[in-house]
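**Student:** The following comprises the amino acid sequence and a computationally predicted model.
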Amino acid sequence: MVLTKESKQLFVFNCKRCGHCCTELGGVTVLPEDVDRIAIYLDTSRKKVKEQYTYTERNMVFLSQPCPFYEKDKGCTIYIARPKVCHLYPLQVENGRYGAATGCPGAIMIPLGGG
């Protein structure tokens with residue numbers, strides 16, 4: 001749970017393991033250290049990970065969508081090595097403010113009383 005003083009909301013998250021974030025959303029940013037971690041986990045090269053599982057747009061690297069590592073029956077097959085953005089989801093920071101991604105059934109922002 002996260003209490004945001006500025007917005008006076010309580011963020012509560014309980015993952016439903018629905019796969020929405022892995023199959024329906026685009027633009028999962030992949031950092032160089034994410035590529036390294038995935039390559040080590042898969043026992044392959046950074047080059048192969050980038051070629052097989054990512055694409056580059058506007059000088060940024062993104063994970064192919066739907067996520068090539070998500071299996072409906074198993075969930076995330078690289079869970080321990082997943083990208084940082086996946087660790088943080090559905091928590092997002094925009095313009096210095098915390099919030100929850102819309103469309104995630106496990107994320108709830110609860111307004112708190114004024115004052």
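**Tutor:** Arrived safely, thanks for sending. Here the structure is a predicted model, which means the values were calculated and not measured.
**Student:** from here on, contacts and neighbour counts on C-alpha atoms
**Tutor:** OK.
**Student:** which residue is nearest the middle of this structure?
**Tutor:** Cys86 (2.5 Å; Cα atoms, centre = their mean).
**Student:** Tell me the confidence at that residue?
**Tutor:** For Cys86, the pLDDT comes out at 89.
**Student:** Please name the nearest non-neighbouring residue to it.
**Tutor:** Val28 (7.9 Å; Cα to Cα, 6 or more residues apart in numbering).
**Student:** How many neighbouring residues does Glu51 have?
**Tutor:** 11 (other Cα atoms under 10 Å).
**Student:** List the buried residues for whatever helix or strand it lives in?
**Tutor:** In the assignment (DSSP states H and E), Glu51 maps to helix 46-53. With burial defined by 16 or more other Cα atoms under 10 Å, the residues of helix 46-53 counted as buried are Arg46, Val49, Lys50.
**Student:** Now tabulate those in TSV and tack on pLDDT.
**Tutor:** TSV is the format used below for the buried residues of helix 46-53 (pLDDT from 0 to 100):
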residue	pLDDT
Arg46	97
Val49	97
Lys50	96
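**Student:** Would you format those residues as JSON lines with distance to Arg58 included?
**Tutor:** Below are these laid out as JSON lines (distance: Cα to Cα, whole Å):
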{"residue": "Arg46", "distance to Arg58": "20"}
{"residue": "Val49", "distance to Arg58": "19"}
{"residue": "Lys50", "distance to Arg58": "16"}
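**Student:** Which one of these is nearest to Thr77?
**Tutor:** Val49 (14.4 Å; Cα to Cα).
**Student:** quick one, what contacts the residue nearest to the closest one when sequence neighbours are not counted?
**Tutor:** Nearest non-adjacent residue to Val49, counting by Cα to Cα, 6+ apart: Ala39, 6.1 Å away. When contacts are counted by Cα atoms under 8 Å, 6 or more residues apart in numbering, Ala39 touches Ser45, Arg46, Lys48, Val49.
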